[in-house]
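> give me the fold of what follows.
(one chain, ligands or ions: 1)
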Amino acid sequence: MEQLLQINELSVDFQTPNGSLNAINKVSLQMGRGEVVCLVGESGSGKTITSLSIMRLIDYSKGKIVQGDITLDGNSLVGLSQKEISQLRGKKIAMIFQEPMTALDPVFTIGFQISEVILRHQKVSKLKAKEEAIQLLRRVGIPEPEMRYNQYPYELSGGMRQRAMIAIALACGPELLIADEPTTALDVTIQAQILNLLQELRKELGMSILLITHDLGIAAEMADRVVVMYAGQIVEQSKTLPLFEQPHHPYTQGLLRSIITLEQDRSARLYTIDGAIPSLTALPSGCRFHPRCPYATERCRAEEPALESIDDREVACWHASELQQNDHPLRLAAEQRER
Ligand code: SF4
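Okay, here's the model as predicted:
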């Protein structure tokens, strides 16, 4: 598969009144053209910072890329000026957010906001831009697009607002669409419609999608590959099916065990991962997951594991290979503690 996006050893720091805070640490990932990659993890794992770094939007919130590189189509994005990067936004990369009401401008009509993007990036007349905007509204499944063109965001339902956001994102045919929890604020039926729409558009336009979600069900449904983040680092990345069939990292295993299924014994206690994600101002030594990991050893507490190729994936865990054996002493001891 032809490579589109490459992130190499990316680290981002934020300046706070208490000093510098490392929000993501040596994050590396690749995306092929037309591929859907899901970034998953709890709140505070660094998913959104990673995506905002690609858009270079962290520059507006006291964030700074302190190490690493991001290339799109072989061209580095890190050294670009704000003028250069704003030309790329919308044209090559577009983003949709969780709550479109905050991303859409409430004082302009939906049609105006789509036309404006078209006019900014294409040399077309206002009439042509309007025709294209109506066509886009139709394509994303908004009924009566001519009428909706003249409506304001508050006049649309939540699902329609998200469709309108997608229309704006598509206005200049981006090669990469970043979707940050695009369905979290929607009810389940609308959620499924929006996800189907994204799948259709991906096939139709050959666009790559970086989907950020905390919902593993969505990742299983949508992703070609899944990247699991924890406390600012990637801990596991793999093709979707192997990751769900046999998660290697204890954090991924915990996330999957936390999913509620219909077959589950309703009298049994729901599984949760003990503890909470650490504050970035007080990260634990060694493996960042060790205070919550049932298999943590002295080595885990002292040394930080790097992401390494194991079997068909990459995992950052000292004991990932051994833990694949059901009768390994670390597993048996953890199971005994759980009983
Ligand atoms: Fe658990 Fe150790 Fe692996 Fe970290 S390195 S996930 S603490 S077993």
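> would you mark the buried spots in stretch 305-318?
By neighbour count on 16 or more other CB atoms under 10 Å, the buried set for stretch 305-318 is Pro305, Leu307, Ile310, Arg313, Glu314, Val315, Ala316, Cys317, Trp318. Backbone N, C-alpha and C define where each C-beta goes, glycine included.
> min pLDDT across the residues you listed, which one?
Ranked by pLDDT, the buried residues of stretch 305-318 bottom out at Ile310, which scores 92.
> what are the phi and psi values at the residue lying closest to that one once chain neighbours are set aside?
The shortest distance from Ile310 to any non-neighbouring residue, by CB to CB, 6 or more residues apart in numbering, is to Ala320 (5.3 Å). Main-chain dihedrals, Ala320, degrees, to the nearest 10: phi -60, psi -40.
> where's Ala320 relative to the ligand, distance?
Using CB to the nearest ligand atom, to the nearest Å, we find Ala320 at a distance of 6 Å from the ligand.
> number of residues surrounding that residue?
23 (other CB atoms under 10 Å).
> can I get the buried residues of stretch 305-318 in TSV including secondary structure and distance to the ligand?
Formatted as TSV, the buried residues of stretch 305-318 follow (DSSP: H, G, I helix; E, B strand; the rest coil; distance: CB to the nearest ligand atom, whole Å):
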residue	secondary structure	distance to the ligand
Pro305	coil	5
Leu307	coil	12
Ile310	strand	11
Arg313	strand	14
Glu314	strand	14
Val315	strand	8
Ala316	coil	7
Cys317	coil	3
Trp318	coil	4
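> contacts for the lowest-mean-pLDDT helix or strand in the chain next, please.
In the chain, no helix or strand scores lower on mean pLDDT, DSSP states H and E than helix 329-338, which sits at a mean of 76. The list of residues contacting helix 329-338 from outside it, by CB atoms under 8 Å, 6 or more residues apart in numbering, reads Pro294, Tyr295, Thr297, His319, Glu322, Leu323, Gln325.
> kindly report the same for stretch 131-144.
So stretch 131-144 is contacted by 110-111, 114-115, 118, 124, 145-146, 148-149, 160, 163-164, 166-167, 170-171, 193, 197 (CB under 8 Å, 6+ apart).
> so where's the stretch 201-339 of the chain uncertain?
Flagging of the stretch 201-339 of the chain using pLDDT under 70 yields the residue ranges 262, 339.
> and the helices in it?
Taking DSSP state H, counting those that start in this stretch, the helices of the stretch 201-339 of the chain run over residues 216-222, 240-245, 250-257, 298-302, 329-338.
> turn these into TSV, including mean neighbour count.
Below are the helices of the stretch 201-339 of the chain laid out as TSV (neighbours: other CB atoms under 10 Å):
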stretch	mean neighbour count
helix 216-222	18
helix 240-245	16
helix 250-257	21
helix 298-302	14
helix 329-338	12
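> identify whichever of these lies nearest to the ligand.
Closest approach to the ligand among the helices of the stretch 201-339 of the chain is made by helix 298-302 (3.1 Å; CB to the nearest ligand atom).
> list of residues touching the closest one?
Contacting residues not belonging to helix 298-302 are listed as Pro284, Ser285, Gly286, Cys287, His290, Cys293, Trp318, His319 [CB under 8 Å, 6+ apart].
> please point out which parts of stretch 162-176 sit buried.
For stretch 162-176, the buried set under the neighbour-count rule, 16+ other CB under 10 Å, comprises 162-172, 174-176.
> and the ligand, which of those residues reach it?
Taking CB under 6 Å from any ligand atom as the test, the ligand is in contact with none of the buried residues of stretch 162-176.
> of all these, which comes closest to the ligand?
For those, the nearest to the ligand is Leu176 (30.7 Å; CB to the nearest ligand atom).
> for that closest one, give me its contacts.
Leu176 touches Leu4, Leu5, Met31, Ile54, Leu72, Lys92, Ile93, Ala94, Met207, Ser208, Ile209, Leu210, counting by CB under 8 Å, 6+ apart.
> if I look at it, how far off is Met165?
16 Å (CB to CB, to the nearest Å).
> can you give me the strands in the chain?
3-16, 19-32, 36-40, 63-72, 75-76, 93-96, 176-180, 208-213, 225-230, 233-239, 308-310, 313-315 (DSSP state E).
> list the contacts of the fourth one.
Surrounding strand 63-72, the residues in contact under the criterion CB under 8 Å, 6+ apart are 4-15, 23, 26-28, 49, 52-54, 58, 76-78, 88, 92-93, 175-176.
> what about Gly68, neighbour count?
Gly68 is flanked by 18 other residues according to other CB under 10 Å.
> state the pLDDT value of it.
95.
> who are the contact partners of the closest residue to it other than its chain neighbours?
Using CB to CB, 6+ apart and skipping the chain neighbours, the partner closest in space to Gly68 is Leu10 (3.6 Å). Residues in contact with Leu10 (CB under 8 Å, 6+ apart) are Ile24, Lys26, Val27, Ser28, Thr50, Ser53, Ile65, Gln67, Gly68, Asp69, Ile70.
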